[in-house]
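Trainee: please work out how this folds:
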Amino acid sequence: MKILVTGSTGPLGGAVVKTLLAKTEAANISILARSAEKAVDLKAKGVKVNIGDYNNYASLVAAFTGVEKIYFVSGNDIPNRIPQHENVINAAKEAGVKHVFYTSTQRKNETPSSPIYLIEEAHLDTENKLKASGLKYTFLQHTLYADIIPNFAGEHLLDMGTLVFPAADGKTTFALREDLAEAGANLLLDETGKYENKAVVLTGATGVTWAEVAAAISEIIGKQIGYASPSQEEYIAALNKAGVPEIFVHMLSGFAEAIKQGEFDQVDSEFENILGRKPAPFTDLLKVAYGKK
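Mentor: Numbers count the residues shown, from 1 in each chain. Just a heads-up that it's a prediction; the model follows:
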């Protein structure tokens with residue numbers, strides 16, 4: 001079985017490769033990397049390194065040739081993701097790939113009215129194109145990473161003493177990125193066919209509010225952190241005043257509104273089944289991020 005992981009020098013793809021190396025021979029694993037320098041460590045472990053990117057169709061076909069399964073990490077170039085992802089799908093078809101595992105997102109609202117449609121549009125488009133491609137597919141619909149909590153909470157959280165995020169009492173079923181990567185690796189190695197041509201929703205075991213996030217941080221640091229949920233207008237104005245780039249203002253406010261609307265409060269037990277254990281609680285990430293160094 002030949003597996004290729006894209007985004008392999010990033011945190012998610014890298015964690016997938018790490019798990020695969022613990023479960024199968026390095027000779028079974030290939031990666032796609034933008035540069036050889038970033039993949040030196042993986043090459044030293046026996047992983048086949050292919051240089052290319054989503055904009056270079058020929059490099060994708062060359063990388064995918066001889067591969068049976070691809071772990072397809074969605075791109076982070078938001079304005080160009082749709083044509084980039086189409087390149088990946090078409091190259092996979094041309095190269096004779098059998099099965100594509102695509103990293104998508106948990107969601108409820110699939111219409112342009114979604115506060116995060118800017119993010120979701122490419123996922124919806126990619127899923128639809130994979131369905132029409134004739135390739136076997138598995139959509140890994142991730143909940144929000146617990147790893148993003150410090151980014152959403154802001155770098156000055158501990159100085160301010162208040163977590164400001166306009167999500168009201170909306171809940172999120174956070175999961176750790178490493179657990180999501182482990183689940184992806186397990187599915188890549190699965191030979192039962194159980195998850196072929198299916199969407200798999202991967203969520204934490206319970207939903208938590210941002211007030212509960214603030215309370216968890218308070219317990220870790222031994223200092224009270226409050227929670228405030230301003231209006232969208234107030235929040236956006238504060239971000240603009242702080243000089244936050246417009247694209248990030250849009251994303252932060254959009255995710256806050258989506259959480260407020262319950263977009264990420266679905267709990268699904270399949271994640272635990274795939275891991276073969278309970279997923280780690282979001283507080284494990286907070287202990288690393290806010291615990292004593």
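Trainee: quick one: end-to-end distance for stretch 213-231.
Mentor: Taking C-alpha to C-alpha, to the nearest Å, the first and last residues of stretch 213-231 lie 19 Å apart.
Trainee: mind listing what's buried along it?
Mentor: Within stretch 213-231, the residues that count as buried by 16 or more other C-beta atoms under 10 Å are Val213, Ala214, Ala215, Ala216, Ile217, Ser218, Ile220, Ile225, Tyr227, Ser229. Where C-beta positions appear, they are placed from N, C-alpha and C, glycine not excepted.
Trainee: for the closest residue to Glu263 other than its chain neighbours, give me the pLDDT.
Mentor: Computed as C-beta to C-beta, 6 or more residues apart in numbering, the closest residue to Glu263 that is not its neighbour in sequence is Lys108, at 5.5 Å. pLDDT for Lys108: 94.
Trainee: which parts of the stretch 101-250 of the chain are strands?
Mentor: Secondary structure of the stretch 101-250 of the chain (DSSP state E, counting those that start in this stretch): strands located at 136-142, 162-164, 198-202, 226-228.
Trainee: what does the first one contact?
Mentor: Think strand 136-142. Strand 136-142 is contacted by residues 98-107, 127, 130-131, 175, 180, 183-184, 187, 195-202 when judged by C-beta atoms under 8 Å, 6 or more residues apart in numbering.
Trainee: helices - which of those residues land there?
Mentor: Members of the contacts of strand 136-142 lying in helices (criterion: DSSP state H): Glu127, Leu130, Lys131, Leu180, Ala183, Gly184, Leu187.
Trainee: mind giving me the PyMOL select for those residues, buried ones only?
Mentor: Buried residues among the ones in helices among the contacts of strand 136-142 (16+ other C-beta under 10 Å), as a PyMOL selection:
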select buried, resi 127+130+180+183+184+187
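Trainee: and Gly193, what are its phi and psi?
Mentor: Main-chain dihedrals, Gly193, degrees, to the nearest 10: phi 80, psi 0.
Trainee: measure it to Phe72 for me?
Mentor: Separation of Gly193 from Phe72 (C-beta to C-beta, to the nearest Å): 19 Å.
Trainee: ok, now Lys171?
Mentor: Separation of Lys171 from Phe72 (C-beta to C-beta): 29 Å.
Trainee: same thing with Leu144?
Mentor: Noted for Leu144: a distance of 20 Å to Phe72, by C-beta to C-beta.
Trainee: is it true that the residue nearest to Glu263 touches Gly170?
Mentor: No - using C-beta atoms under 8 Å, Lys108 makes no contact with Gly170, being 11.8 Å away.
Trainee: common neighbours of those two, please.
Mentor: Jointly contacting Lys108 and Gly170 under the rule C-beta under 8 Å, 6+ apart are Gly262, Glu263.
Trainee: so between the two, which is more surrounded?
Mentor: More crowded of Lys108 and Gly170, by other C-beta atoms under 10 Å: Gly170, with 21 against 12.
Trainee: now that one, what are its backbone angles?
Mentor: Torsion angles at Gly170 (phi, psi; degrees, to the nearest 10) stand at phi -60, psi 140.
Trainee: contact partners for it?
Mentor: Gly170 is in contact with Thr209, Trp210, Ile259, Lys260, Gln261, Gly262, Glu263, Phe264, Asp265, counting by C-beta under 8 Å, 6+ apart.
Trainee: just Asp284 next, same as before
Mentor: Residues in contact with Asp284 (C-beta under 8 Å, 6+ apart) are Ala146, Leu176.
Trainee: so where's the stretch 151-293 of the chain uncertain?
Mentor: 292-293 (pLDDT under 70).
Trainee: repeat that for 50
Mentor: For the stretch 151-293 of the chain, the stretches with pLDDT under 50 are 293.
Trainee: what number of residues lie near Thr192?
Mentor: If we define neighbours as other C-beta under 10 Å, then Thr192 has 6 of them.
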